[in-house]
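> Starting from these lines, generate the structure:
(2 chains)
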Amino acid sequence: MAQSAEHVLDHLELFRGPEYQQMLAKKKIFENPRDPAEVERIKEWTKTAEYREKNFAREALAVNPAKACQPLGAVFASVGFEGTLPFVHGSQGCVAYYRSHLSRHFKEPSSCVSSSMTEDAAVFGGLNNMIDGLANSYNMYKPKMIAVSTTCMAEVIGDDLNAFIKTSKEKGSVPADFDVPFAHTPAFVGSHVTGYDNALKGILEHFWDGKAGTAPKLERKQNGAINIIGGFDGYTVGNLREIKRILALMGIQHTILADNSEVFDTPTDGEFRMYDGGTTLEDAANAVHAKATISMQQWCTEKTLPFVAEHGQDVVSFNYPVGLSATDDFIVALSRISGKEIPEQLARERGRLVDAIADSSAHIHGKKFAIYGDPDLCYGLAAFLLELGAEPTHVLSTNGSKTWHEKMQVLFASSPFGQGCQAYPGRDLWHMRSLLFTEPVDFLIGNTYGKYLERDTGTPLIRIGFPVFDRHHHHRSPLWGYQGGLNVLVKILDKIFDEIDKKTNVLGKTDYSFDIIR
Amino acid sequence: MLVAKVLLKKPPSQQLTFEGHQMSLATTQSIAEIRARNKELIEEVLKVYPEKTAKRRAKHLNVHQAGKSDCGVKSNIKSIPGVMTIRGCAYAGSKGVVWGPIKDMVHISHGPVGCGQYSWGSRRNYYVGTTGIDSFVTLQFTSDFQEKDIVFGGDKKLVKILDEIQELFPLNNGITIQSECPIGLIGDDIEAVSRAKSKEYGGKTIVPVRCEGFRGVSQSLGHHIANDAVRDWIFDKLESDGKPTFEPTPYDVAIIGDYNIGGDAWSSRILLEEMGLRVIAQWSGDGSLAELEATPKAKLNILHCYRSMNYISRHMEEKFGIPWCEYNFFGPSKIAESLRKIAGYFDDKIKEGAERVIEKYQPLVNAVIAKYRPRLEGKTVMLYVGGLRPRHVIGAYEDLGMEVIGTGYEFGHNDDYQRTAQHYVKDSTLIYDDVNGYEFERFVEKLQPDLVGSGIKEKYVFQKMGVPFRQMHSWDYSGPYHGYDGFAIFARDMDMAINSPVWKKTKAPWKEASRAKLLAAE
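As a prediction, this is how the structure comes out:
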């Protein structure tokens, strides 16, 4: 018996002991296991170019896709408004999943309700669920706003949110003037970034365009403010705070739309804050008067931004600006739009990032990377690697579109380091596995699920993306701004140095190269 | 008056200062007082609801009365819209719980991408295998439905998917199709596709599962549907002279309803084998198709999670004459009781084996209790979990001198509440079925337990409130908790949660107002 009270062994060590190993070996005979030689043969075959070809010929099956579904993005956007309860119309299991998913990433509570539709609602429609659901949510959780989106069940049976909400109000579920913006967010269209876009557009439409016919449309009176939209972002806490700091430094009047940086980072002090921070409803309405709106992620705002532009604002979009040039572009755009000077403080921050890159670039220059994730994140990271002299050899985005593909290829063409690089829209992590075996790279950048690729292919994983379940608190540090660029640089460097040490730490074999100064 | 008494209970952050001679609610209040307080609490909580909802929710909340045959709550009823139920769906019950852990089969999340994505690898069903080659538990296979699949139906796509799996994952021993909501709504015939492809692939096991998320009221129906799929698509296709290929013995048993979370089934199996039994199948943690198929040859099915696998156990009893018995491997008291109960189905050799195992582990049990009980004595716990745990873990807490003062099931049925009432909970325990965020927060706020054991959605809520918490679905990334080896880990984990120094620090030193004072001021 290996277990002891003195030194308690948990799963990490317990099962490696001889008793359990013998037990597991004996279990094999009941499993009708495959011949180990055959397992080995197939394992090797999956690493080949032949397998890659078959793998890339897949037309129907997705294996380890790197995307989630629309309502997740809708919930993420909705909680960015003051006192807002996301209400997802459809099956309740979906909401349990969104809440778990967000909590596992942010290590924070995630509040959201469902209309709990079941078989009878599938037959008769979910109107009663909406009527009861809104009344219950309103009474129990005292929200300032309820933002409605849908699961695929409600979409397949064709429930009409606008009509349902109207009827619910007539039935007294919530007061007639209570804000219930909505968005249809079918899971079988797009991904979580689409859901973010739809939900945000739904909320702005609600406030700007007459609250579903119950109020006059707002008349835009332009002021000097700038709206910022972060997009779906696992680093929303660190990033939005950094953006706010930069805007304050520049003295720019602004509104962050869907500001969920507080609700996903509440203190532990004895009080559970179901709602915290967020764009006030007043600010959301007044955002129509802004001079311009900046989207930090083009593919998270494909519908929202044109909607904003239609209201007469200038719109600018970025692709998850990370690093020097992208941050330069962002800061210059802020200055141009606002007419504000760029303060010396930012020039110094920029200089520090340049300094750090100069100090360390020898270790990154020429290294090959594979990246996967949401389309904007992929673009931003690839652009930063190019300016570090690294090669983003494989860039894969399961929810990347044709326009994303084209824009990525233009980016590659713009740099001598992008010549051998390729973007893969609509592909999944099983495709990435083939790429890493047949065209190996030095490092992989992706979310937690990249650890399976790291294990299979030996490509060291740098965790940047969503979700990151198995490392803690990184979402609190920004990736945006010059400071954010520095954070990304350090993440990459740490992995590079760790790998060099790991490869040179064999006593008696590689006492050389195990350097104390790098 | 009653409220004032509740306030005698100090918040966890303060309680530590009284270490050694603190007293729990149970010792400062009579059973009658606690019952009255709990009833009052329920009344108070119900006030938030619109009348119709209050009436419905009232049936799910109660204070247990000793001697009653059940806990006096309604269960397995539809959740109320908009209340923030903690429940999941039938897909979660089938793919996430029952089928997902079968390691040598490919499980397709059939429909849009989300369901498979959110349940990808998060349940910690441990297994040994070459992942991606002959084992597939931690892969996310999905048909990733697009709009055209909804409009034109997904059967053709499914056919192609099965072919692609066969080509790219040739060592899979079978495939299951886990239906997501749209499948049942758009009229796909996944059964016909399964039959045709199975025939094409020489009788390959392909199992269509109708576990669409809108079916039933919770995960529970998904368990039942998944059990029925084993019956219809595996057992009914067995040839009588077919498997198993091994020689049967009189001591062959199957572990049913252990999902090997953090290795639970392994720390259970080792005890069964030490007492002289032979485990021929694990359902379904670290399980394989061959093990499912061999189970009708077992002499006894031993059932841990009654809720999720009683259906197939009953079926095997009726069809194959295999008796089944429930057991509980949480905490030494229940483990010993269970080992003896299981041994009761066998001869003296096994009965002696059970005694030998109990004796062998007694020194470990003594050492664990000697180390942890003094740190945990008198601490109170509130639970809200699924399956068997709202009752099964109570004994383990009691072995450590702790007391469960409230419990409830996410998706239990009345037979779960009967077992709870008859064998586990104490008089005046607060019972909450299908509790929601609001109710659970109020209950915890007022009863101020030393520990809450529930899920990921609850974890951070209570920790923000300054209440120590352990996830009791995933073991909070620890485990195993089953068996004697698991009990040591369980004790360590409960200690580290409750006695973490961080809980003394939740209040800034310059902020005087403690939670107790705030409550008193209300």
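
> tell me which parts of the stretch 251-400 of chain B are close to chain A?
Contact residues, the stretch 251-400 of chain B versus chain A (CB under 8 Å from any CB of the partner chain): B:262-263, B:266-267, B:269-270, B:273, B:279-282, B:286, B:288-291, B:294, B:360-361, B:364, B:367-368, B:370-372. Just so you know, the C-beta spots here come from the backbone N, C-alpha and C atoms, and that holds for glycine as well.

> So which bits of stretch B:296-316 are buried?
In terms of neighbour count (16 or more other CB atoms under 10 Å in any protein chain shown), stretch B:296-316 has its buried residues at B:296-313, B:315-316.

> now do stretch B:228-243
Applying a neighbour-count criterion of 16+ other CB under 10 Å, the buried positions in stretch B:228-243 are B:229, B:230, B:233, B:234, B:235, B:243.

> picking up where we left off before, could you pick out the buried ones from the residues of the stretch 251-400 of chain B next to chain A?
Neighbour-count burial (16+ other CB under 10 Å) applied to those gives B:262-263, B:266-267, B:269-270, B:273, B:279-282, B:286, B:288-291, B:294, B:361, B:364, B:368, B:371-372.

> Report the contact partners of the residue of chain A found nearest chain B.
Using CB to the nearest CB, the single residue of chain A nearest to chain B is residue A:93, 2.4 Å away. Each residue near residue A:93 by CB atoms under 8 Å, 6 or more residues apart in numbering or on different chains is listed here: B:87, B:88, B:89, B:90, B:91, B:92, B:115, B:213, B:219.

> Read off the pLDDT value for the first one.
Predicted confidence (pLDDT) at residue B:87: the value is 98.

> So it: helix, strand or coil?
coil (DSSP: H, G, I helix; E, B strand; the rest coil).

> That one is in contact with residue B:79, isn't it?
Yes: contact criterion CB atoms under 8 Å: residue B:87 and residue B:79 qualify, at 5.6 Å.

> overlap in contacts of those two?
Common contact partners of residue B:87 and residue B:79 (CB under 8 Å, 6+ apart): A:92, B:217, B:218, B:434.

> Out of those residues, who's the most crowded?
Greatest neighbour count in the shared contacts of residue B:87 and residue B:79, by other CB atoms under 10 Å in any protein chain shown, goes to residue B:218: 32 neighbours.

> In this structure that residue contacts residue B:77, no?
No: here residue B:218 does not reach residue B:77: they are 9.4 Å apart, not a contact under CB under 8 Å.

> helix or strand right after the strand or helix carrying residue A:255?
In the assignment (DSSP states H and E), residue A:255 maps to strand A:254-257. Next helix or strand after strand A:254-257 toward the C-terminus (DSSP H and E): helix A:281-286.

> any chance you could map the helices in the stretch 1-150 of chain A?
Per DSSP state H, counting those that start in this stretch, the stretch 1-150 of chain A carries helices over the ranges A:11-14, A:18-27, A:36-45, A:49-56, A:70-78, A:92-106, A:119-124, A:127-141.

> In chain B, which residue sits closest to chain A?
At 2.4 Å from chain A, residue B:89 is the closest residue in chain B, using CB to the nearest CB.

> Hmm, that residue is touching residue B:219, no?
Yes: in this structure residue B:89 lies within contact range of residue B:219 using CB under 8 Å: 6.6 Å.

> Who has more neighbours out of the two?
Ranked by neighbour count (other CB under 10 Å), residue B:89 and residue B:219 place residue B:89 first, with 35 against 29.

> Skipping adjacent residues, who's closest to that one in space?
residue A:93 (2.4 Å; CB to CB, 6 or more residues apart in numbering or on different chains).

> Look up how far residue A:84 lies from the closest residue to residue A:102 other than its chain neighbours.
Nearest residue to residue A:102, sequence neighbours excluded (CB to CB, 6+ apart): residue A:110, at 4.0 Å. Plainly put, residue A:110 is 13 Å away from residue A:84 if you go by CB to CB, to the nearest Å.

> Just want to know which of these two has more residues nearby.
Neighbour totals were compared for residue A:110 and residue A:84, and residue A:84 leads with 27 against 24 (other CB under 10 Å).

> For the closest residue to the more buried one other than its chain neighbours, grab the count of nearby residues.
Once flanking residues are discounted, residue A:84 sits nearest to residue A:145: 4.5 Å by CB to CB, 6+ apart. Residue A:145 is flanked by 24 other residues according to other CB under 10 Å.

> What's opposite residue A:145 in the beta bridge?
When bridges are called by DSSP bridges, residue A:145 pairs up with residue A:84, residue A:179.

> Any idea which residue is closest to the centre of chain B?
By CA atoms, centre = their mean, chain B has its centre lying nearest to residue B:387, at 4.0 Å.

> Hmm, that one is touching residue B:305, no?
Yes: in terms of CB under 8 Å, residue B:387 counts as a neighbour of residue B:305; the distance is 4.8 Å.

> got a list of what the closest residue to residue A:442 other than its chain neighbours touches?
Leaving aside its chain neighbours, residue A:442 sits nearest to residue A:367 (4.6 Å; criterion: CB to CB, 6+ apart). Applying CB under 8 Å, 6+ apart to residue A:367 gives the contacts A:390, A:391, A:442, A:443, A:496.

> can you list contacts of the host helix or strand of the last one?
In other words, residue A:496. Per DSSP H and E: residue A:496 is located in helix A:481-503. Identification of contacts with helix A:481-503 by CB under 8 Å, 6+ apart yields A:238-239, A:242-243, A:245-246, A:322-324, A:327, A:346, A:349-350, A:352-353, A:356-357, A:360, A:363-364, A:367, A:381, A:384, A:388, A:443, A:445, A:460-464, A:477-479, A:510, A:513-514, A:518.
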